[in-house]
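*Asks:* Generate a structure from the sequence data that follows.
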Amino acid sequence: MGRHSLPDRYGAGTADPRPRARRRSVAIATALVLTVAGGTAAAVHSGLLSFGSSCQDDPVRLTLAASPDVAPALEAAAGRARKQNLTSDGNCVAVTVRAQDSAKVTDILSAGRKPDAQVWVPDSDVWVQRVTADGKATQVTPEGNVAATPVGVAMLHTAAKSLGWPKKTYTWTELAAATLSDDSLRLGAADPARSATGLLALTRLSTAAAEAKGGATRAAAMMKALSQRVSAADGQVLDTLPHDSSGTEQGNPRRNQALILSEQAAFTHNSTAGGGTDLDLFYPTDGAPTLDYPYTLVDEPELTTDESRAAIRFMTYLREPAQHKLLEKYGFRADDGSVAPSVVAAAGGRSPQPYAEPSPEPASDTALQEALGTWTITVQSARITTVVDASASMSEPVADTGRSRMDVTKASLLQALATFTPEDEIGLWEFAARLDGDKDYRVLVRTERLGDRRGRGTQRDRLSAAFGALEPVPGGATGLYDTTLAAYRAATSSYAKGKFNALVVLTDGVNQDPGSISRAGLVSQLQKLSNPERPVPLIVIAVGPDASRKEAQEIARATGGSGHEVSVPAQIHSVILQAIVAAGARNASG
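*Replies:* Below you'll find the model as predicted:
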């Protein structure tokens, strides 16, 4: 029989049953193909399925700038996404991850420039808040969070054991007091001005300390002690531990036995370090602040539709259970804070340390700014002259307080004074038109160290008394321009190298001295006196409804300073600290 011959039962003269069967099979196959094709098209359209490597020919390419601690995990996730042919609207998503310091990216964005990335994942929303609060910064758009890790205090085992770890628990202030008061338990941290870990811990410490008696002075003293052991960046903190496991460096005064550290950083260290330098982790009982890794689009209006949709697709991919497991391998908690016991154990946590407690409410932007402002003037030491409006309008009542503008201003200034250390230099002027002969101003207390003693009291005592004695001048007008020029000339001529120099002017009205220099003349003179090599930012605070924020900003900008408006004088303390932070950041970046 030939190879194409029919079987005998299909011989000549016999009806062939195959045509009907073939037609039925073709119909069924066609229906299946159409069904599968329809389902596949829907899957491809939704970005859940792709055909082999066909979409890799022209993928949507994204660059993601990530905090160095989370970058390796995100890079692993991006590699997994490529292998799985992750798609968005039928296009493959190709993500490149670059480790970039969050503070440095913040500097770039705040300068109105863009990093070489469409997506930014800093370690904390602290940086996003700083960028979005700056009207001149490049726009960023948070879309969610991709990971989390709490901040605690990590210690070498010998140090932790001496404090009763893990059975004995502590608050933040108790931990700080235990380490800062014992030379054998030296506590290190990253600079809060450049580290979210450092800033979040510092804010918890300062907030808790401020609630105690003499809190402001206590907080400043704590910061001063902590500042002696600060590293420039997160990546350098762990380098301050003893280098070997034998303990021969334990007595080295440059080495720390305790560190303010994230759980993930402790996890990574313990996973790679020798047993002698493993860390135990304290989770303070009053709450561990959390690094929350916000997934942020950079300059979203300039992204293409494909880029923005692909960026969101990759974020949703990162939040899938499989990727949570991947992040867990790198020591991170899920974005909702849930954590595997194995992560805590590897990071050095043990019960009854409260590692599973919900994190406290995030610190307000005001609390963060106040903590950072206090840190700035505490660490660097400050030379600040305060110039206070004593015109008649300062006797106007402040609604719902039963006190005058001057009364509330004095209380706020005394509150601010308590945050300065004995090394800081503070002075006080007052002003009103024709206050002292032809002059609109009078020097009440010369700018000197708060700790300097003369006669029976210190400079702090003299300032406290002078603040308390401030009174509005009956019939006095606001002699703002001449006073500002004279005070700024004095501040620049007495510039103190190595300190944070500034002039703070508080006024509740616009200039009312017709014989004074003009505003344009004042701005011109301030620009001539200002020297970037010897910066003295002018901070002008417009108090109450009669003052002009626009004028305050115009005058202050001439010196690289800032103008602010407060509705009630009680806000002065916070505004001064916020302005100091802003001025310090500009000086550092400049």
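
*Asks:* can you tell me how far residue 347 sits from residue 336?
*Replies:* Taking C-beta to C-beta, to the nearest Å as the measure, residue 347 falls 18 Å from residue 336. In this view, the C-beta of every residue, glycine as well, is placed from N, C-alpha and C.

*Asks:* Can you pick out the residue with more neighbours from these two?
*Replies:* Shown here are residue 347 and residue 336; by other C-beta atoms under 10 Å, residue 347 has more neighbours (29 against 10).

*Asks:* Now for residue 341, how many residues are close by?
*Replies:* Residue 341: 11 surrounding residues under other C-beta under 10 Å.

*Asks:* Would you check how far apart it and residue 384 are?
*Replies:* Remark: distance between residue 341 and residue 384 (C-beta to C-beta) = 50 Å.

*Asks:* just residue 530 next, same as before
*Replies:* On the measure of C-beta to C-beta, residue 530 and residue 384 end up 17 Å apart.

*Asks:* Between those two, tell me which one has more neighbours.
*Replies:* residue 384 (23 against 18).

*Asks:* In three-state terms, label that one for me.
*Replies:* strand (DSSP: H, G, I helix; E, B strand; the rest coil).

*Asks:* Equivalent analysis for the one 4 residues further on, please.
*Replies:* Of the three states, residue 388 takes strand according to three-state DSSP.

*Asks:* That one: what's it in contact with?
*Replies:* By C-beta atoms under 8 Å, 6 or more residues apart in numbering, the contact set of residue 388 is 409, 413, 428, 429, 430, 431, 470, 506.

*Asks:* what does residue 66 give?
*Replies:* By C-beta under 8 Å, 6+ apart, the neighbours of residue 66 are 74, 97, 98, 99, 100, 120, 121.

*Asks:* Looking at the residues you listed, spot the one nearest residue 299.
*Replies:* residue 120 (10.1 Å; C-beta to C-beta).

*Asks:* hang on, the closest one in a strand?
*Replies:* Yes - assessed by three-state DSSP, residue 120 belongs to a strand.

*Asks:* burial of it, as a residue count?
*Replies:* 30.

*Asks:* what do you get for residue 580?
*Replies:* When neighbours are defined as other C-beta under 10 Å, residue 580 has 26 of them.

*Asks:* Would you point out the most distant pair within the contacts of residue 388?
*Replies:* 413 and 431, at 14.7 Å, using C-beta to C-beta across the contacts of residue 388.

*Asks:* Counting neighbours, go ahead and name the busier of the two.
*Replies:* Neighbour comparison, residue 413 and residue 431: the larger count goes to residue 431, with 29 against 25 (by other C-beta under 10 Å).

*Asks:* ok so that one is a helix residue?
*Replies:* No - counting by three-state DSSP, residue 431 is located in no helix; its state is strand.

*Asks:* Just the pLDDT at the residue positioned nearest the centre of the chain, thanks.
*Replies:* Note on the chain: the residue nearest the mean C-alpha position is residue 126, at 2.8 Å, using C-alpha atoms, centre = their mean. Note on residue 126: pLDDT of 96.

*Asks:* ditto for the one 3 residues further on
*Replies:* Residue 129 carries a pLDDT score of 94 in this model.

*Asks:* contacting residues for it?
*Replies:* With contact taken as C-beta under 8 Å, 6+ apart, residue 129 is in contact with 365, 368.

*Asks:* cutoff 6 Å now
*Replies:* Residues near residue 129 by C-beta atoms under 6 Å, 6 or more residues apart in numbering: residue 365.

*Asks:* Then residue 230?
*Replies:* 189, 191.

*Asks:* cutoff 8 Å now
*Replies:* Shown in contact with residue 230 (C-beta under 8 Å, 6+ apart): 188, 189, 190, 191, 198, 379.

*Asks:* Show me these that map onto strands.
*Replies:* Counting by DSSP state E, the contacts of residue 230 place 188, 189, 190 in strands.

*Asks:* need those in a markdown table with pLDDT, can you?
*Replies:* Below are the ones in strands among the contacts of residue 230 laid out as a markdown table (pLDDT from 0 to 100):
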| residue | pLDDT |
| --- | --- |
| 188 | 91 |
| 189 | 94 |
| 190 | 95 |
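
*Asks:* nearest to residue 465, of those?
*Replies:* Distances from residue 465 to the ones in strands among the contacts of residue 230, taken as C-beta to C-beta, are shortest for residue 189 (36.6 Å).
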